[in-house]
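Asker: pasting a predicted model and its sequence here:
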Amino acid sequence: MSKAIQAVRGMNDLLPDVVERWQQIEIAAREVLQAYGYREIRLPVVEKSELFARAVGDTTDIVEKEMYSFEDRSGEHLTLRPEGTAGCVRAGIENGFLHNQIQRLWYAGPMFRHERPQKGRYRQFHQIGVETFGIESPDLDAELLLMCARLWRALGLTDIKLELNSLGTQECRATYRRVLLGYFDARRDRLDEDSLRRLDKNPLRILDSKNPAMQELVAAAPSLLDHLDEASRAHFERLQEYLQAAGVEFAINPRLVRGLDYYTRTVFEWTTAKLGAQAAVCAGGRYDGLVEQLGGKPTFAAGFAMGMERLVELLLQRGDAYQAAKPQVYLAMLGAPAEKHGLVLAEQLRDAGLRIECNNGGGSLKTQLKRADKSGARLALLLGEAEMNNASITIKDLRAGDTQQSVAQTALTDLLKLKFAMGNRS
Ligand code: ATP
Ligand code: MG
(Lines give C-alpha, C1' and ligand atoms only; values in the text may rest on other atoms or scores of the structure.)
(Ligands and ions follow the chains in the order given, each with its own letter.)
Protein backbone atom coordinates (compact mmCIF):
# COMPACT_ATOMS: atom_id res chain seq x y z
CA MET A 1 0.00 0.00 0.00
CA SER A 2 1.36 3.43 -0.79
CA LYS A 3 1.68 6.00 1.97
CA ALA A 4 -1.49 8.02 2.58
CA ILE A 5 -1.28 11.75 2.00
CA GLN A 6 -1.91 13.97 5.00
CA ALA A 7 -3.43 17.43 5.33
CA VAL A 8 -1.17 20.49 5.27
CA ARG A 9 0.18 21.36 8.73
CA GLY A 10 -2.05 23.86 10.51
CA MET A 11 -4.99 23.27 8.15
CA ASN A 12 -7.73 21.24 9.74
CA ASP A 13 -10.52 18.98 8.61
CA LEU A 14 -13.74 19.88 10.36
CA LEU A 15 -15.72 16.71 10.91
CA PRO A 16 -19.54 16.73 11.19
CA ASP A 17 -19.65 16.60 15.01
CA VAL A 18 -17.62 19.78 15.33
CA VAL A 19 -19.22 21.45 12.31
CA GLU A 20 -22.48 21.43 14.25
CA ARG A 21 -20.83 23.73 16.82
CA TRP A 22 -19.68 25.97 13.99
CA GLN A 23 -23.20 26.16 12.67
CA GLN A 24 -24.47 27.12 16.11
CA ILE A 25 -22.18 30.17 16.03
CA GLU A 26 -22.89 30.94 12.39
CA ILE A 27 -26.65 30.88 12.93
CA ALA A 28 -26.46 33.04 16.05
CA ALA A 29 -24.11 35.51 14.33
CA ARG A 30 -26.33 35.78 11.28
CA GLU A 31 -29.32 36.56 13.46
CA VAL A 32 -27.49 39.15 15.53
CA LEU A 33 -25.99 40.85 12.46
CA GLN A 34 -29.35 40.99 10.73
CA ALA A 35 -30.86 42.57 13.81
CA TYR A 36 -28.52 45.54 13.29
CA GLY A 37 -29.07 45.85 9.55
CA TYR A 38 -25.83 44.22 8.35
CA ARG A 39 -25.72 42.46 4.97
CA GLU A 40 -23.47 39.65 3.83
CA ILE A 41 -20.76 40.11 1.21
CA ARG A 42 -18.70 37.28 -0.34
CA LEU A 43 -15.20 38.00 -1.53
CA PRO A 44 -12.36 36.09 -3.22
CA VAL A 45 -9.94 34.08 -1.11
CA VAL A 46 -7.05 35.15 -3.35
CA GLU A 47 -6.04 38.78 -3.90
CA LYS A 48 -3.04 40.53 -5.42
CA SER A 49 -0.14 40.47 -2.95
CA GLU A 50 0.27 44.21 -3.24
CA LEU A 51 -3.15 44.75 -1.65
CA PHE A 52 -1.99 43.35 1.68
CA ALA A 53 1.40 45.05 1.57
CA ARG A 54 -0.43 48.36 1.17
CA ALA A 55 -3.35 47.73 3.51
CA VAL A 56 -2.00 45.66 6.36
CA GLY A 57 1.44 47.29 6.45
CA ASP A 58 4.94 46.27 5.37
CA THR A 59 6.27 45.97 8.89
CA THR A 60 3.50 43.85 10.37
CA ASP A 61 4.03 40.19 11.27
CA ILE A 62 1.44 39.25 8.69
CA VAL A 63 3.16 40.86 5.73
CA GLU A 64 6.72 40.27 6.93
CA LYS A 65 6.47 36.56 7.54
CA GLU A 66 3.00 35.03 7.50
CA MET A 67 1.57 35.38 4.01
CA TYR A 68 0.93 32.50 1.63
CA SER A 69 2.13 34.21 -1.52
CA PHE A 70 2.80 32.68 -4.88
CA GLU A 71 3.20 33.48 -8.53
CA ASP A 72 0.45 32.02 -10.69
CA ARG A 73 0.94 30.60 -14.18
CA SER A 74 0.71 34.01 -15.78
CA GLY A 75 3.28 35.50 -13.42
CA GLU A 76 0.88 37.45 -11.20
CA HIS A 77 1.90 37.87 -7.56
CA LEU A 78 -1.01 36.59 -5.51
CA THR A 79 -1.71 35.89 -1.83
CA LEU A 80 -4.21 33.75 0.05
CA ARG A 81 -6.00 36.39 2.13
CA PRO A 82 -4.61 36.65 5.68
CA GLU A 83 -7.54 38.85 6.77
CA GLY A 84 -10.76 40.19 5.28
CA THR A 85 -10.73 43.97 5.63
CA ALA A 86 -8.32 44.71 2.78
CA GLY A 87 -10.35 42.68 0.28
CA CYS A 88 -13.59 44.26 1.46
CA VAL A 89 -12.23 47.77 0.98
CA ARG A 90 -10.77 46.78 -2.40
CA ALA A 91 -14.18 45.48 -3.46
CA GLY A 92 -15.89 48.61 -2.17
CA ILE A 93 -13.68 50.93 -4.19
CA GLU A 94 -13.90 48.73 -7.28
CA ASN A 95 -17.70 48.39 -7.14
CA GLY A 96 -18.29 51.96 -6.00
CA PHE A 97 -20.28 51.13 -2.90
CA LEU A 98 -18.24 53.14 -0.40
CA HIS A 99 -18.23 56.75 -1.42
CA ASN A 100 -20.90 59.01 0.10
CA GLN A 101 -22.93 56.22 1.54
CA ILE A 102 -23.34 54.13 4.63
CA GLN A 103 -22.60 50.44 4.35
CA ARG A 104 -22.97 47.77 6.98
CA LEU A 105 -21.38 44.54 5.77
CA TRP A 106 -20.27 41.18 7.09
CA TYR A 107 -18.48 38.14 5.70
CA ALA A 108 -17.36 34.72 6.86
CA GLY A 109 -14.65 32.45 5.58
CA PRO A 110 -11.14 31.05 5.75
CA MET A 111 -8.01 33.17 6.28
CA PHE A 112 -4.42 31.99 5.86
CA ARG A 113 -1.34 32.86 7.90
CA HIS A 114 1.90 30.93 8.07
CA GLU A 115 2.16 30.96 11.87
CA ARG A 116 3.43 28.29 14.23
CA PRO A 117 0.43 25.99 14.63
CA GLN A 118 -0.72 25.39 18.22
CA LYS A 119 -4.04 25.19 20.03
CA GLY A 120 -6.14 28.15 18.88
CA ARG A 121 -3.60 29.18 16.22
CA TYR A 122 -3.77 27.61 12.80
CA ARG A 123 -2.55 28.30 9.28
CA GLN A 124 -6.02 28.09 7.81
CA PHE A 125 -8.46 29.60 10.28
CA HIS A 126 -11.89 31.17 9.94
CA GLN A 127 -13.29 34.53 10.76
CA ILE A 128 -16.62 36.24 10.78
CA GLY A 129 -15.83 39.82 9.93
CA VAL A 130 -17.88 43.00 10.05
CA GLU A 131 -17.08 46.27 8.27
CA THR A 132 -18.97 49.54 8.37
CA PHE A 133 -18.34 52.50 6.09
CA GLY A 134 -19.34 56.14 6.14
CA ILE A 135 -19.86 56.90 9.85
CA GLU A 136 -17.41 58.97 11.85
CA SER A 137 -19.15 59.28 15.18
CA PRO A 138 -18.42 56.89 18.05
CA ASP A 139 -22.04 55.72 18.26
CA LEU A 140 -20.99 53.37 15.47
CA ASP A 141 -18.01 52.08 17.45
CA ALA A 142 -20.45 51.48 20.30
CA GLU A 143 -22.85 49.65 18.00
CA LEU A 144 -20.09 47.28 16.88
CA LEU A 145 -19.30 46.46 20.49
CA LEU A 146 -22.96 46.04 21.44
CA MET A 147 -23.32 43.63 18.56
CA CYS A 148 -20.42 41.52 19.85
CA ALA A 149 -21.82 41.60 23.38
CA ARG A 150 -25.21 40.45 22.07
CA LEU A 151 -23.58 37.55 20.25
CA TRP A 152 -21.69 36.42 23.37
CA ARG A 153 -24.99 36.50 25.25
CA ALA A 154 -26.76 34.57 22.51
CA LEU A 155 -24.08 31.89 22.73
CA GLY A 156 -24.13 31.90 26.51
CA LEU A 157 -20.46 32.93 26.68
CA THR A 158 -19.99 34.89 29.87
CA ASP A 159 -16.22 35.05 30.33
CA ILE A 160 -15.30 37.37 27.48
CA LYS A 161 -13.89 40.74 28.46
CA LEU A 162 -13.52 43.90 26.45
CA GLU A 163 -10.31 45.93 26.25
CA LEU A 164 -10.31 49.32 24.59
CA ASN A 165 -7.78 51.85 23.45
CA SER A 166 -7.52 54.80 21.10
CA LEU A 167 -4.65 55.19 18.66
CA GLY A 168 -5.64 58.72 17.68
CA THR A 169 -5.04 60.03 14.18
CA GLN A 170 -2.11 59.22 11.93
CA GLU A 171 -0.64 62.63 12.91
CA CYS A 172 -0.67 62.15 16.65
CA ARG A 173 0.67 58.69 16.14
CA ALA A 174 3.64 60.23 14.35
CA THR A 175 4.40 62.34 17.44
CA TYR A 176 3.98 59.34 19.71
CA ARG A 177 6.20 57.29 17.41
CA ARG A 178 9.08 59.72 18.05
CA VAL A 179 8.54 59.58 21.82
CA LEU A 180 8.44 55.81 21.75
CA LEU A 181 11.49 55.56 19.53
CA GLY A 182 13.42 57.66 22.08
CA TYR A 183 12.27 55.40 24.93
CA PHE A 184 13.18 52.11 23.27
CA ASP A 185 16.36 53.46 21.65
CA ALA A 186 17.68 54.34 25.11
CA ARG A 187 17.01 50.72 26.16
CA ARG A 188 18.30 48.90 23.10
CA ASP A 189 20.17 46.32 25.14
CA ARG A 190 16.87 45.00 26.52
CA LEU A 191 15.14 44.58 23.14
CA ASP A 192 14.73 41.17 21.54
CA GLU A 193 15.63 40.52 17.92
CA ASP A 194 12.14 41.22 16.54
CA SER A 195 11.88 44.48 18.46
CA LEU A 196 15.30 45.67 17.33
CA ARG A 197 14.25 45.13 13.77
CA ARG A 198 11.02 47.05 14.35
CA LEU A 199 12.66 49.88 16.23
CA ASP A 200 13.40 52.11 13.26
CA LYS A 201 10.65 50.96 10.94
CA ASN A 202 7.72 50.84 13.33
CA PRO A 203 8.36 51.11 17.08
CA LEU A 204 4.62 50.87 17.84
CA ARG A 205 4.80 47.25 16.79
CA ILE A 206 7.07 46.58 19.79
CA LEU A 207 4.09 47.23 22.07
CA ASP A 208 2.37 44.29 20.38
CA SER A 209 5.23 41.91 21.28
CA LYS A 210 4.11 38.54 22.62
CA ASN A 211 7.55 37.81 24.14
CA PRO A 212 7.16 37.53 27.95
CA ALA A 213 10.71 38.84 28.39
CA MET A 214 9.65 42.11 26.80
CA GLN A 215 6.56 42.71 28.91
CA GLU A 216 8.17 44.75 31.68
CA LEU A 217 9.80 47.13 29.24
CA VAL A 218 6.57 47.46 27.26
CA ALA A 219 4.52 48.11 30.39
CA ALA A 220 6.74 51.01 31.40
CA ALA A 221 6.73 52.63 27.94
CA PRO A 222 5.12 56.07 27.49
CA SER A 223 1.37 55.83 26.95
CA LEU A 224 -0.24 56.70 23.67
CA LEU A 225 -3.24 58.10 25.52
CA ASP A 226 -1.04 60.98 26.75
CA HIS A 227 -0.40 61.97 23.14
CA LEU A 228 -3.92 61.94 21.73
CA ASP A 229 -5.14 64.98 19.81
CA GLU A 230 -8.22 66.79 21.17
CA ALA A 231 -10.71 65.40 18.64
CA SER A 232 -9.57 61.82 19.17
CA ARG A 233 -9.72 62.24 22.92
CA ALA A 234 -13.30 63.55 22.68
CA HIS A 235 -14.23 60.70 20.32
CA PHE A 236 -12.82 58.15 22.74
CA GLU A 237 -14.58 59.73 25.71
CA ARG A 238 -17.92 59.71 23.94
CA LEU A 239 -17.49 56.05 23.06
CA GLN A 240 -16.90 55.28 26.72
CA GLU A 241 -20.02 57.22 27.70
CA TYR A 242 -22.12 55.32 25.17
CA LEU A 243 -20.83 51.99 26.41
CA GLN A 244 -21.54 52.95 30.00
CA ALA A 245 -25.05 54.04 29.08
CA ALA A 246 -25.65 50.72 27.32
CA GLY A 247 -24.18 48.68 30.15
CA VAL A 248 -21.18 47.26 28.30
CA GLU A 249 -18.24 46.70 30.65
CA PHE A 250 -14.74 47.45 29.43
CA ALA A 251 -11.19 48.08 30.57
CA ILE A 252 -8.83 50.59 28.99
CA ASN A 253 -5.55 49.08 27.90
CA PRO A 254 -3.13 51.79 26.71
CA ARG A 255 -0.75 49.15 25.27
CA LEU A 256 -3.33 47.73 22.89
CA VAL A 257 -2.06 48.55 19.39
CA ARG A 258 -3.29 45.57 17.34
CA GLY A 259 -1.31 43.64 14.77
CA LEU A 260 -2.31 45.60 11.68
CA ASP A 261 -1.17 49.09 10.77
CA TYR A 262 -4.40 50.48 9.37
CA TYR A 263 -6.14 51.32 12.63
CA THR A 264 -6.90 54.88 13.79
CA ARG A 265 -8.69 56.01 16.95
CA THR A 266 -10.72 53.16 18.49
CA VAL A 267 -9.13 49.72 18.78
CA PHE A 268 -10.49 46.85 20.86
CA GLU A 269 -10.06 43.22 21.73
CA TRP A 270 -12.41 40.74 23.36
CA THR A 271 -10.38 38.24 25.36
CA THR A 272 -11.01 35.23 27.55
CA ALA A 273 -8.97 33.59 30.29
CA LYS A 274 -10.09 30.16 29.13
CA LEU A 275 -7.93 29.71 26.05
CA GLY A 276 -4.41 30.09 27.44
CA ALA A 277 -2.06 32.19 25.33
CA GLN A 278 -4.52 32.43 22.41
CA ALA A 279 -6.79 34.69 24.44
CA ALA A 280 -8.30 37.01 21.83
CA VAL A 281 -11.58 35.82 20.32
CA CYS A 282 -12.47 39.02 18.50
CA ALA A 283 -10.62 42.19 17.59
CA GLY A 284 -11.09 45.30 15.58
CA GLY A 285 -11.37 49.05 15.52
CA ARG A 286 -11.60 52.11 13.36
CA TYR A 287 -9.58 52.51 10.15
CA ASP A 288 -10.58 55.89 8.77
CA GLY A 289 -7.47 56.18 6.57
CA LEU A 290 -7.55 52.84 4.80
CA VAL A 291 -9.98 53.49 1.97
CA GLU A 292 -7.94 56.48 0.81
CA GLN A 293 -4.70 54.57 1.30
CA LEU A 294 -6.02 51.95 -1.12
CA GLY A 295 -6.95 54.50 -3.76
CA GLY A 296 -10.52 55.41 -2.79
CA LYS A 297 -12.01 58.70 -1.59
CA PRO A 298 -11.61 59.43 2.13
CA THR A 299 -14.20 57.28 3.92
CA PHE A 300 -14.79 56.64 7.59
CA ALA A 301 -14.66 52.97 8.46
CA ALA A 302 -14.66 50.59 11.40
CA GLY A 303 -14.98 46.87 11.89
CA PHE A 304 -13.90 43.71 13.64
CA ALA A 305 -13.22 40.04 13.06
CA MET A 306 -13.82 37.12 15.36
CA GLY A 307 -11.89 33.87 15.36
CA MET A 308 -14.26 30.97 14.79
CA GLU A 309 -11.90 28.23 16.03
CA ARG A 310 -11.48 29.98 19.37
CA LEU A 311 -15.21 30.52 19.83
CA VAL A 312 -15.90 26.90 18.93
CA GLU A 313 -13.31 25.84 21.50
CA LEU A 314 -15.15 27.86 24.16
CA LEU A 315 -18.41 26.10 23.32
CA LEU A 316 -16.73 22.70 23.35
CA GLN A 317 -15.08 23.41 26.70
CA ARG A 318 -18.45 24.26 28.16
CA GLY A 319 -19.76 20.97 26.78
CA ASP A 320 -23.20 22.45 26.34
CA ALA A 321 -26.12 20.37 25.24
CA TYR A 322 -26.45 21.83 21.77
CA GLN A 323 -27.91 19.23 19.46
CA ALA A 324 -27.97 19.66 15.74
CA ALA A 325 -31.13 18.47 14.03
CA LYS A 326 -30.96 14.69 13.82
CA PRO A 327 -33.40 12.67 11.71
CA GLN A 328 -36.72 12.25 13.51
CA VAL A 329 -37.54 9.02 11.76
CA TYR A 330 -35.50 6.12 10.36
CA LEU A 331 -37.08 4.06 7.62
CA ALA A 332 -36.10 0.37 7.56
CA MET A 333 -37.00 -1.46 4.35
CA LEU A 334 -36.85 -5.21 3.72
CA GLY A 335 -36.89 -6.54 0.18
CA ALA A 336 -36.83 -4.86 -3.23
CA PRO A 337 -40.56 -3.95 -3.43
CA ALA A 338 -40.39 -2.30 0.01
CA GLU A 339 -37.27 -0.38 -1.02
CA LYS A 340 -39.00 1.00 -4.09
CA HIS A 341 -42.16 1.94 -2.22
CA GLY A 342 -40.21 3.29 0.74
CA LEU A 343 -38.41 5.81 -1.44
CA VAL A 344 -41.76 7.30 -2.43
CA LEU A 345 -43.16 7.16 1.08
CA ALA A 346 -40.11 8.95 2.48
CA GLU A 347 -40.56 11.76 -0.06
CA GLN A 348 -44.17 12.19 1.10
CA LEU A 349 -43.05 12.43 4.71
CA ARG A 350 -40.41 15.03 3.81
CA ASP A 351 -43.08 16.99 1.94
CA ALA A 352 -44.89 17.14 5.28
CA GLY A 353 -41.77 18.61 6.89
CA LEU A 354 -40.33 15.53 8.62
CA ARG A 355 -36.62 14.73 8.77
CA ILE A 356 -36.25 11.14 7.69
CA GLU A 357 -33.19 8.97 7.07
CA CYS A 358 -33.65 5.94 4.83
CA ASN A 359 -31.88 2.63 5.18
CA ASN A 360 -30.19 2.46 1.80
CA GLY A 361 -28.30 -0.63 0.75
CA GLY A 362 -30.44 -3.32 2.41
CA GLY A 363 -29.35 -5.47 5.37
CA SER A 364 -31.09 -7.72 7.88
CA LEU A 365 -33.77 -6.31 10.17
CA LYS A 366 -31.29 -6.45 13.04
CA THR A 367 -28.67 -4.47 11.10
CA GLN A 368 -31.22 -1.92 10.02
CA LEU A 369 -32.49 -1.40 13.56
CA LYS A 370 -28.92 -0.94 14.78
CA ARG A 371 -28.44 1.78 12.18
CA ALA A 372 -31.78 3.31 13.19
CA ASP A 373 -30.59 3.55 16.77
CA LYS A 374 -27.27 5.08 15.75
CA SER A 375 -28.95 7.69 13.56
CA GLY A 376 -30.40 9.35 16.67
CA ALA A 377 -33.97 9.12 15.31
CA ARG A 378 -36.77 8.70 17.83
CA LEU A 379 -38.88 6.42 15.69
CA ALA A 380 -38.12 3.60 13.29
CA LEU A 381 -40.58 2.74 10.54
CA LEU A 382 -40.53 -0.86 9.35
CA LEU A 383 -41.62 -1.69 5.84
CA GLY A 384 -41.36 -5.41 5.04
CA GLU A 385 -43.26 -7.99 3.08
CA ALA A 386 -46.21 -8.18 5.49
CA GLU A 387 -46.59 -4.39 5.58
CA MET A 388 -46.40 -4.21 1.78
CA ASN A 389 -49.17 -6.81 1.53
CA ASN A 390 -51.68 -4.95 3.68
CA ALA A 391 -50.59 -1.33 3.06
CA SER A 392 -49.56 -0.82 6.65
CA ILE A 393 -46.36 0.23 8.35
CA THR A 394 -44.88 -0.68 11.73
CA ILE A 395 -43.77 2.16 13.99
CA LYS A 396 -41.18 1.33 16.63
CA ASP A 397 -40.37 3.84 19.36
CA LEU A 398 -36.61 3.54 19.78
CA ARG A 399 -36.44 5.72 22.88
CA ALA A 400 -39.41 4.37 24.86
CA GLY A 401 -38.85 0.71 25.64
CA ASP A 402 -39.15 -0.46 22.05
CA THR A 403 -42.94 -0.18 21.93
CA GLN A 404 -44.37 -0.95 18.56
CA GLN A 405 -47.63 -0.32 16.68
CA SER A 406 -48.99 -0.99 13.22
CA VAL A 407 -50.85 1.71 11.27
CA ALA A 408 -52.29 2.14 7.80
CA GLN A 409 -49.88 3.91 5.45
CA THR A 410 -52.58 6.44 4.65
CA ALA A 411 -52.71 7.48 8.31
CA LEU A 412 -48.92 7.71 8.71
CA THR A 413 -48.24 11.35 7.89
CA ASP A 414 -50.88 12.71 10.25
CA LEU A 415 -49.83 10.39 13.02
CA LEU A 416 -46.16 11.38 12.75
CA LYS A 417 -47.04 15.06 12.70
CA LEU A 418 -48.96 14.51 15.89
CA LYS A 419 -46.12 12.59 17.50
CA PHE A 420 -43.63 15.33 16.68
CA ALA A 421 -46.10 18.06 17.64
CA MET A 422 -45.87 19.70 14.23
CA GLY A 423 -48.52 22.18 13.19
CA ASN A 424 -50.23 21.85 9.82
CA ARG A 425 -48.10 23.21 7.04
CA SER A 426 -50.08 25.01 4.43
P1 ATP B 1 -3.38 37.13 17.77
O2 ATP B 1 -2.97 38.25 18.66
O3 ATP B 1 -4.04 36.00 18.52
O4 ATP B 1 -2.31 36.69 16.83
P5 ATP B 1 -4.33 38.89 15.74
O6 ATP B 1 -4.19 40.20 16.38
O7 ATP B 1 -3.29 38.44 14.78
O8 ATP B 1 -4.53 37.74 16.86
P9 ATP B 1 -6.58 39.60 14.07
O10 ATP B 1 -5.80 39.71 12.85
O11 ATP B 1 -7.11 40.82 14.69
O12 ATP B 1 -5.79 38.72 15.13
O13 ATP B 1 -7.79 38.57 13.84
C14 ATP B 1 -8.99 38.61 14.60
C15 ATP B 1 -9.22 37.30 15.32
O16 ATP B 1 -8.96 36.19 14.48
C17 ATP B 1 -8.29 37.07 16.50
O18 ATP B 1 -8.76 37.73 17.64
C19 ATP B 1 -8.36 35.57 16.66
O20 ATP B 1 -9.52 35.20 17.37
C21 ATP B 1 -8.47 35.10 15.25
N22 ATP B 1 -7.16 34.64 14.73
C23 ATP B 1 -6.14 35.38 14.27
N24 ATP B 1 -5.12 34.62 13.85
C25 ATP B 1 -5.51 33.33 14.05
C26 ATP B 1 -4.91 32.05 13.80
N27 ATP B 1 -3.71 31.94 13.24
N28 ATP B 1 -5.60 30.94 14.12
C29 ATP B 1 -6.84 31.03 14.67
N30 ATP B 1 -7.46 32.18 14.92
C31 ATP B 1 -6.82 33.33 14.62
MG1 MG C 1 -1.55 37.32 14.97
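Answerer: Perfect, thanks for sending it. Ligands and ions are numbered 1, 2, ... in the order given.

Asker: could you find the closest non-adjacent residue to the residue of the chain found nearest ligand 1?
Answerer: Here the residue of the chain nearest ligand 1 is Gly307; by CB to the nearest ligand atom that distance is 2.2 Å. Glycine gets a C-beta too; all of them are placed from N, C-alpha and C. Ranked by CB to CB, 6 or more residues apart in numbering and with sequence neighbours excluded, the top spatial neighbour of Gly307 is Val281, at 5.8 Å.

Asker: about what we covered before: the residue of the chain closest to ligand 1 is in contact with Gly284, isn't it?
Answerer: No - at 11.6 Å, Gly307 and Gly284 do not qualify as touching, with contact defined as CB atoms under 8 Å.

Asker: who's more crowded, those two?
Answerer: Using other CB atoms under 10 Å, the more surrounded residue of Gly307 and Gly284 is Gly284, with 26 against 23.

Asker: quick one: pLDDT of that one?
Answerer: The pLDDT attached to Gly284 in the predicted structure is 96.

Asker: which strand residues sit across from it in the sheet?
Answerer: Taking DSSP bridges, one obtains Phe268, Phe304 as the residues bridged to Gly284.

Asker: any idea how far Leu181 is from it?
Answerer: Using CB to CB, to the nearest Å, one gets 27 Å for the distance from Gly284 to Leu181.

Asker: returning to that earlier point: what sits up against the helix or strand the residue nearest to Gly307 falls within?
Answerer: Assigned by DSSP states H and E, Val281 falls within strand 280-286. Contacts of strand 280-286 with the rest of the structure, by CB atoms under 8 Å, 6 or more residues apart in numbering, involve 130, 141, 144, 148, 160, 167, 258, 263-272, 275, 300-307, 310-311, 314.

Asker: rerun that using 7 Å as the cut-off
Answerer: 141, 144, 148, 160, 258, 263-272, 302-307, 310-311 (CB atoms under 7 Å, 6 or more residues apart in numbering).

Asker: swap in stretch 223-232?
Answerer: When contacts are taken as CB under 7 Å, 6+ apart, the neighbours of stretch 223-232 outside the stretch itself are Ser166, Leu167, Gly168, Thr169, Glu171, Cys172, Thr175, Tyr176, Val179, Pro254, Arg265.

Asker: tell me the buried residues in the top helix by length along the chain?
Answerer: The helix that spans the most residues within the chain, counting by DSSP state H, is helix 16-35. Neighbour counts using 16 or more other CB atoms under 10 Å place Val18, Arg21, Trp22, Gln24, Ile25, Ala28, Ala29, Val32, Leu33 of helix 16-35 among the buried residues.

Asker: show me what that helix is packed against.
Answerer: Of the remaining helices and strands, those touching helix 16-35 by 3 or more CB pairs under 7 Å, 6 or more residues apart in numbering; DSSP states H and E are helix 138-154, helix 308-318.

Asker: touching, Gly87 and Val45? I think so.
Answerer: No - under the criterion of CB atoms under 7 Å, Gly87 makes no contact with Val45, lying 8.7 Å away.

Asker: so what sits against both of those two?
Answerer: Taking CB under 7 Å, 6+ apart as the contact definition, Gly87 and Val45 share the neighbouring residues Arg81.

Asker: these two: who's more crowded?
Answerer: Between Gly87 and Val45, counted using other CB under 10 Å, Gly87 has the larger neighbour count: 22 against 12.

Asker: next, the buried residues of whichever strand or helix holds the more buried one.
Answerer: Element membership of Gly87 [criterion: DSSP H and E] is helix 85-95. Neighbour-count burial for helix 85-95, counted by 16+ other CB under 10 Å, picks out Thr85, Ala86, Gly87, Cys88, Val89, Arg90, Ala91, Gly92, Ile93.

Asker: and the first one, what pLDDT?
Answerer: Yep, that's Thr85 we're talking about. Per-residue confidence at Thr85 stands at 97 (pLDDT).

Asker: tell me the contacts of it?
Answerer: Counting by CB under 7 Å, 6+ apart, Thr85 touches Gly129, Glu131, Tyr287, Gly303.
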